[in-house]
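Participant: Fold the stuff below for me.
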Amino acid sequence: MSTDALFHLNITNSAYIIAAILFIVGLKQLGSPATARNGNRMSALAMLIAVLATVVGNDIASWEWILGGAIIGSGIGAYSARKIAMTSMPQLVAIFNGFGGAASAIIAADELIHLIDGGGAIAEDVSITIMASVIVGSVTLTGSFVAFGKLQGLVPTRPILLPIRNVINVALLIGMVASTVWLIIDPSMTAFLIAGAIALALGILVVIPIGGADMPVVIALLNSYSGIAGAATGFVLGNNILIISGSLVGASGIILTRIMTKAMNRSLANVMLGGFGVEDGASSSGSDDDRPVTSIQAEDAAMMLAYAQSVIFVPGYGLAVAQAQHQVRELADLLKAKGISVRYAIHPVAGRMPGHMNVLLAEANVPYDELKDLDEINGEFQRTDVAVVIGANDVTNPSARTDKSSPIYGMPILNVDQAQSVIILKRSMSSGFAGVQNELFFLDKTQMLFGDAKASIEKIVSEVKDL
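Facilitator: This is a model prediction of the structure:
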């Protein structure tokens, strides 16, 4: 190796070390709402350094292509960040996961083509990593697009249970293993394409039986898959920073998935196999329910809150849709000024992605010490005068404890039904994302305040000021 080549290699590796450190520190800072923005910036800087070091250090393309790609990619990213609503962020994450998996599979295919055209023998470890990249990447691609469809309402959110689906999945797995062995023994694009096609089909089949309530877990798992595919591609290319960044994404995604499955009382094995414990013929309650409920006006809600001693706000997807976080914080400040204890109950899967509620409330400068997770807050509901539920359905549904036919049975919920009184802000009586009606609505202690959450809370704020 020449002196110049050695110099460039050292510069590239030094840049990779810096990028790896920034990735790790950035990922650590993403663990807290207080430091998440800075962690995101550090991670973005790390990716920029990694991309530039790889492209420049390996003389992959001319500056025109590099600059053009950077401008296009940055434009798409900036547009997505500014224009995509927070309520649509899970769909965006799903799409990005899919694109990440597709990129890994395409790079693996390109590398295999070069190796086959080269005419030399392909090492077994290279064949295995190529197949790992294309299989995991292809599963991530189609699985992520199905998840996007369910979140966007383009695909039914209910579990779609195909006949003999387990037999089909096992057959596809056997075919995928066979094509992998084929590629190792006799490298060819035919074996590669067969494995890729099977993986694309498997991605659809493992996600389509999963109900809408479990989509947050699916997103976390597919995020992990995209990282694993990236790491496998790093081994194919011999690129250290791709191995490091892919491993970080894969590991953090698996950890997040484990946290989510625990929060939803799901089995990680069932998640990875696309089962989620869904039984054929499992029933679910729809939104058509003619049982009476108690409806109140903003003035009544204001009176209940103003004369309470303790209040717990329970935010959900409805809060995100209405963008009512600033109004909630204003109402909380008014109540605290009256000497009322105020806290926020945050379920791990409130909204449609992990941390959804934390981010929204952080935007409104809600103090972090008032945000309580499920384990911290559940024992406090029975000592709380008023619980205010803002668009949270499935995570407050008492039937998760008792109804074995419900798709959310066994999922740990917030014990809102144990509060002395409950105020629920909703637009209508529609069911939650799991497609089941919330039994909390029909309790004697529950008062329903119908309408847009933002407008309703603004009215409550106005009434509380006059008391």
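
Participant: all helices of the stretch 101-250 of the chain, in order?
Facilitator: 124-152, 165-185, 189-207, 215-237, 240-263 (DSSP state H, counting those that start in this stretch).

Participant: and the first one, how far from the chain's centre?
Facilitator: Pointing back at helix 124-152 there. A distance of 17 Å separates the centroid of the chain from that of helix 124-152, by C-alpha atoms, centre = their mean, to the nearest Å.

Participant: Return the alpha-carbon coordinates of stretch 37-56 using CSV.
Facilitator: Output of stretch 37-56 as CSV, limited to C-alpha atoms (Å, rounded to 0.1, in the frame of the first residue of the first chain):
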residue,chain,number,x,y,z
ARG,A,37,-32.9,17.3,20.4
ASN,A,38,-29.2,17.6,21.0
GLY,A,39,-28.8,13.8,20.7
ASN,A,40,-30.6,13.9,17.3
ARG,A,41,-28.3,16.7,16.1
MET,A,42,-25.2,14.7,17.2
SER,A,43,-26.5,11.6,15.4
ALA,A,44,-27.2,13.5,12.2
LEU,A,45,-23.7,15.0,12.3
ALA,A,46,-22.2,11.5,12.9
MET,A,47,-24.1,10.2,9.8
LEU,A,48,-22.9,13.1,7.7
ILE,A,49,-19.2,12.4,8.8
ALA,A,50,-19.7,8.7,8.1
VAL,A,51,-21.2,9.3,4.6
LEU,A,52,-18.5,11.8,3.6
ALA,A,53,-15.7,9.7,4.9
THR,A,54,-17.0,6.6,3.0
VAL,A,55,-17.7,8.4,-0.3
VAL,A,56,-14.5,10.5,-0.4
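
Participant: for that stretch, what is the average pLDDT?
Facilitator: Average pLDDT, stretch 37-56: 87.

Participant: Could I get the phi/psi values of residue 446?
Facilitator: Dihedral pair for residue 446: phi -90, psi 130, per degrees, to the nearest 10.

Participant: That one against residue 438, yeah?
Facilitator: No - in this structure, residue 446 is not within contact of residue 438 by C-beta atoms under 8 Å, at 9.5 Å. In short, each C-beta sits where N, CA and C put it, glycine included.

Participant: Those two: who's more crowded?
Facilitator: Higher neighbour count among residue 446 and residue 438: residue 438, with 29 against 22, using other C-beta atoms under 10 Å.

Participant: Identify the residues contacting residue 188.
Facilitator: Contacts for residue 188 (C-beta atoms under 8 Å, 6 or more residues apart in numbering) come out as 116, 182.

Participant: Kindly state the pLDDT recorded for it?
Facilitator: Reported pLDDT for residue 188: 83.

Participant: quick one, phi psi at it?
Facilitator: The phi/psi pair for residue 188 (degrees, to the nearest 10) is phi -160, psi 160.

Participant: mind starting the numbering at 34 from now?
Facilitator: Fine by me, first position is 34 from now on; the one you just mentioned is residue 221.

Participant: Can you say which of the helices of the stretch 134-283 of the chain is packed in most?
Facilitator: helix 248-270 (a mean of 26; mean count of other C-beta atoms under 10 Å).

Participant: list the helices and strands it packs on?
Facilitator: helix 122-151, helix 157-185, helix 273-296, helix 301-305 (3 or more C-beta pairs under 8 Å, 6 or more residues apart in numbering; DSSP states H and E).

Participant: helices and strands around the first one, which ones?
Facilitator: Under the contact definition 3+ C-beta pairs under 8 Å, 6+ apart, helix 122-151 sits against helix 157-185, helix 222-240, helix 248-270.

Participant: that older thread, output the helices of the stretch 134-283 of the chain in CSV; the columns should cover distance to residue 493.
Facilitator: Formatted as CSV, these follow (distance: least, C-beta to C-beta, whole Å):
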stretch, distance to residue 493
helix 157-185, 31
helix 198-218, 48
helix 222-240, 40
helix 248-270, 29
helix 273-296, 30
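
Participant: among the ones you listed, which is nearest residue 400?
Facilitator: Ranking those by proximity to residue 400 (C-beta to C-beta) places helix 273-296 first, at 23.2 Å.

Participant: the inter-axis angle of the closest one versus helix 157-185?
Facilitator: 50 degrees (axes from the mean of the first three to the mean of the last three C-alpha atoms, to 10 degrees).

Participant: okay, the angle between helix 273-296 and helix 122-151?
Facilitator: In terms of direction (the same axes, to 10 degrees), helix 273-296 departs from helix 122-151 by 140 degrees.

Participant: tell me the secondary structure for residue 469?
Facilitator: Classification of residue 469 by DSSP: H, G, I helix; E, B strand; the rest coil places it in coil.
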